[in-house]
Each structure stands twice: as C-alpha cells, then as structure tokens.
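> pasting the sequence and the predicted model now:
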Amino acid sequence: MQLYPQPFCLRLLPQFLSLGSLRTLILGVTLGITLGVWDGLRPVLAADPDHVQQLLTTGSCPGCDLREADLANVRLRNANLQNADLRNADLSHANLVDANFTRANLTEAVIVGANLRRSNFQAAQLRLVDLSNANLTGTNFNRANLDTAQLPGANLTGATLRRSYLGDSNLTGAILRNAQMPRAILATASLGNADLEGVNLQGGSLRGAGVDRANLTGANLRNADLINAKFANANFTNADLRDAKLDFTYLHNTNFTGANFEGADLQRVDFQRSILSEANFTRADLRDAKLNFAYLHSTNFTEANLEGADFQRADFQRSILSGANLTAANFANANLILSRLDYSNLSYSNFTNADLRGANLIAANLSNANFSRANLIEANLSNANLTDTNFTEAKFK
C-alpha cells in the first residue's frame with residue numbers, strides 16, 4: 001500500500017531513465033548534499049584552479065574567480081586583482097604590498113595579519129572582511145564598502161578612505177593617524193582605544209559610534225555627525241569640531257584642551273568632568289548641556305547659547321561668556337573668578353555660592369537671577385539689569 005502519493009516528476013522518471021541511471025542520479029544528489037557540494041540548489045563557492053595557478057605564476061589575475069582560494073602566506077607584491085572575485089578567500093599573513101584590488105569582491109575574506117601597504121581597494125566590496133592586525137598604511141579605500149568589517153589592531157596610518165562605508169565595523173585599537181576620511185560613514189562603529197591623531201573626518205559620520213579612550217588629538221571633525229556617539233575618556237586636544245553635530249553625545253571625562261567648537265550643535269551633551277580649557281565655543285549651541293565639575297579655564301563662550309546648561313562646581317576662571325545666552329543656567333558653587341559675562345543674558349540663572357570675584361557683569365541681564373551667598377567682591381555690575389535679582393547674603397566687599 002502506498003502511504004504517500006508519488007510526486008509527478010518521480011512517476012515520469014522511469015520513462016526516461018534506466019534503473020541503473022536512476023540509482024546513480026539519486027546517489028550523486030545524496031553525496032552532494034552530504035559533502036556540502038550542493039546546498040539546496042545553490043552550489044558552494046569554489047575557486048577556478050586555473051585562475052589560482054595564473055595568479056601564483058604571474059601575479060596578475062584581473063577578473064578571476066578566486067572564491068574560497070587558499071592564498072595564506074603568499075608573496076605577491078604588485079599583484080593585479082582588479083575586479084577579481086575573492087569572496088571567502090583566505091589571504092591571512094599574505095604579502096600583498098602595492099596590490100591592486102580595485103572593484104574586487106572580498107566579501108567575508110580572511111586577511112588577518114596581511115601586509116597590504118599602499119594597496120588599492122578603491123570601490124572594492126569588503127563586507128564582513130577580517131583585516132585584524134593587518135598592515136594597511138597608505139592604503140586606498142576610497143568609496144570602498146567595509147560594512148561590518150573586522151579591523152581591530154589594524155594599522156591604517158596615512159590611509160585614504162574618502163566616502164568609504166564602515167558602518168558597524170570593528171576598529172578597536174586600530175591606528176588611523178593622519179588618515180584621510182572625509183565624508184566616510186562609521187555609524188555605530190567600535191573605535192575604543194583607537195589612535196585617530198590628525199585624522200580628517202570632515203563631513204563624516206560617527207553617529208552612535210563607541211569611541212571611548214580614543215586619541216583624536218588634532219583631528220578634523222568639522223561638520224561631522226557625532227550624534228549619540230560615546231567619547232568617554234577620549235583626547236580631543238586641539239581638535240577641530242566647528243559646526244559639528246554632537247547633540248546627545250556622551251563626552252564624560254574627556255580632554256578638549258584648545259578644541260574648536262565654533263557654531264557646533266551641542267544640545268544636551270554630557271561634558272561632566274571634562275577638560276575644556278582654552279576651547280572655543282563661539283556661537284555654539286549648548287542648551288541643556290551638562291558641564292558639572294568641568295574645567296573651563298580661559299574658555300571662550302562668546303555669543304553661545306547656554307540656556308538651561310548645568311555648570312555646578314565647574315571652573316570658569318578667566319573664561320569669556322560675553323553676549324552669551326545663559327537663561328536659567330545653573331552655576332551653583334562654580335568658580336567664575338575674573339570671568340567675562342558682560343552683555344550676557346543671565347535671567348533666572350542660579351549663582352548660589354558661586355565665586356565671581358573680579359567678574360565683569362557690565363550691562364548683563366541679571367533679572368530674577370539668584371546670587372545667594374555668592375562672592376561678588378570687586379565684580380563689576382555697571383548698567384546691569386538687577387530687576388528682582390536675589391543677593392541674599394552675597395559678598396560685595
């Protein structure tokens with residue numbers, strides 16, 4: 001008795017195949033599935049042996065089929081692999097200095113520890129590639145796709161990555177000194193402990209990236225998108241952040257000595273305990289920013305918008321806040337000795353226990369501000385608006 005109806009195609013097979021041929025066909029399909037040669041109806045990748053031999057013999061194989069090729073430890077300086085298919089290939093520890101991979105497909109290739117100095121990967125597909133600890137100094141990755149690539153410990157000193165895509169990539173501990181990366185996308189990438197000194201990321205994106213403890217000394221981040229990124233304990237000394245977007249960014253305990261934030265969007269940024277001495281925040285937007293315990297010695301906030309910002313216990317000695325909007329800002333217990341607040345709007349701000357000795361408050365709007373127990377010895381309040389200002393227990397001499 002037939003328990004299950006026989007498929008129509010199998011009922012027809014005996015009409016076209018002998019019993020022996022049918023057995024051979026079934027055995028072949030079974031072995032193919034068992035050995036992994038056939039994955040459903042999709043054949044597994046396999047390099048063309050003639051192409052592999054051509055590459056090893058001549059060092060040139062443009063457009064070749066090198067899928068899953070075992071090329072570990074090969075020495076192929078100046079190799080030409082333009083447009084080659086190297087998906088899932090193994091190039092671990094290979095010497096490929098000055099190689100040409102223009103528009104090649106290296107998706108999921110393993111290139112761990114390889115020497116690829118000055119190689120050209122322009123417009124190449126490198127999705128999910130593993131370049132851990134690779135030497136990529138001076139390498140060209142312009143317009144390359146490095147989506148979810150693994151680059152921990154890689155050396156990209158002086159590399160060019162203009163308009164390249166590195167979303168979700170892992171660059172932990174990587175060296176990118178003086179790398180040229182204008183308009184590169186590194187959204188949600190991992191760059192913890194990376195060395196980005198002198199990097200050019202103008203107009204690029206680190207949105208949501210993890211960049212804790214990274215070195216960005218002298219980095220060019222002008223017009224960059226740094227929204228929601230995390231830069232805790234990072235070093236931005238003398239970095240250029242003009243017109244950058246940093247709202248909601250976490251910058252706790254970070255060094256920004258001499259950094260330029262002119263015109264930057266810093267709404268709700270967390271600068272707590274950060275070092276911002278001699279930084280430039282001219283016309284920057286710092287509404288509702290957190291700068292508790294921040295070190296702001298000689299920092300320039302001219303015409304900046306600091307409405308609702310929290311500066312509790314911050315050190316503002318000799319800082320310039322001329323013409324700034326400080327409405328409802330909190331300066332409780334802050335140090336503002338010899339700071340300039342002339343022509344600024346300080347209405348409804350809180351200066352409880354603040355030290356304003358020698359501060360310049362000429363023509364400032366202090367209406368409804370609270371200066372309870374503040375030290376205003378030798379402070380200049382000429383022409384200031386003192387409507388409903390609270391000076392309870394404040395010191396003037």
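Nice, thanks for sending it over. Here the structure is a predicted model, which means the values were calculated and not measured.
> every contact and neighbour count from this point should use C-alpha atoms.
Will do.
> nearest residue to N73 other than its sequence neighbours?
In this structure, N73 finds its nearest non-sequential neighbour in A94, 4.1 Å apart by C-alpha to C-alpha, 6 or more residues apart in numbering.
> burial count for the one you found?
Using other C-alpha atoms under 10 Å, A94 is surrounded by 21 other residues.
> who touches it in this structure?
By C-alpha atoms under 8 Å, 6 or more residues apart in numbering, the contact list for A94 reads L71, A72, N73, V74, R75, L76, I111, G113, A114, N115.
> for these, work out which two are farthest apart.
L76 and G113 (14.9 Å; C-alpha to C-alpha).
> now which of the contacts of A94 would you call buried?
For these, a burial check counting by 16 or more other C-alpha atoms under 10 Å picks out L71, A72, N73, R75, L76, I111, G113, A114, N115.
> any chance of those in a markdown table, plus secondary structure, distance to K230 and pLDDT?
Shown next, in a markdown table, are the buried ones among the contacts of A94 (DSSP: H, G, I helix; E, B strand; the rest coil; distance: C-alpha to C-alpha, whole Å; pLDDT from 0 to 100):
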| residue | secondary structure | distance to K230 | pLDDT |
| --- | --- | --- | --- |
| L71 | coil | 38 | 97 |
| A72 | coil | 37 | 97 |
| N73 | coil | 38 | 98 |
| R75 | strand | 40 | 97 |
| L76 | coil | 40 | 95 |
| I111 | coil | 29 | 98 |
| G113 | coil | 28 | 98 |
| A114 | coil | 30 | 98 |
| N115 | strand | 31 | 98 |
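> from the chain's centroid, how far away is stretch 54-61?
What separates the centre of stretch 54-61 from the centre of its chain is 38 Å, taken as C-alpha atoms, centre = their mean, to the nearest Å.
> repeat that for stretch 376-392.
When distances are taken as C-alpha atoms, centre = their mean, stretch 376-392 is centred 45 Å away from the chain's centroid.
> what about R373, how many residues nearby?
Using other C-alpha under 10 Å, R373 has 18 neighbouring residues.
> does it sit in a helix or strand, and which one?
Assigned by DSSP states H and E, R373 falls within no helix or strand.
> and for the one 4 residues further on?
Secondary structure from DSSP H and E places I377 outside every helix and strand.
> per-residue pLDDT, H252?
On the pLDDT scale, H252 is placed at 89.
> was I right about it contacting I275?
No: with contacts counted by C-alpha atoms under 8 Å, H252 stays clear of I275, the gap being 9.5 Å.
> where do the helices sit along the chain?
8-16, 19-35, 49-58 (DSSP state H).
> which residues touch the closest residue to K397 other than its chain neighbours?
Spatial nearest neighbour of K397, chain neighbours left out: I377 (5.0 Å); criterion: C-alpha to C-alpha, 6+ apart. Applying C-alpha under 8 Å, 6+ apart to I377 gives the contacts L356, R357, G358, K395, F396, K397.
> may I see the ChimeraX selection of the buried members of those?
Only the buried entries of the contacts of I377 go into this ChimeraX selection, using 16+ other C-alpha under 10 Å:
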select :356,357,358,395
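> format the contacts of I377 as CSV; extra columns: distance to E197 and pLDDT.
Compiled in CSV, those are given as follows (distance: C-alpha to C-alpha, whole Å; pLDDT from 0 to 100):
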residue, distance to E197, pLDDT
L356, 37, 98
R357, 39, 98
G358, 38, 98
K395, 46, 97
F396, 47, 95
K397, 48, 88
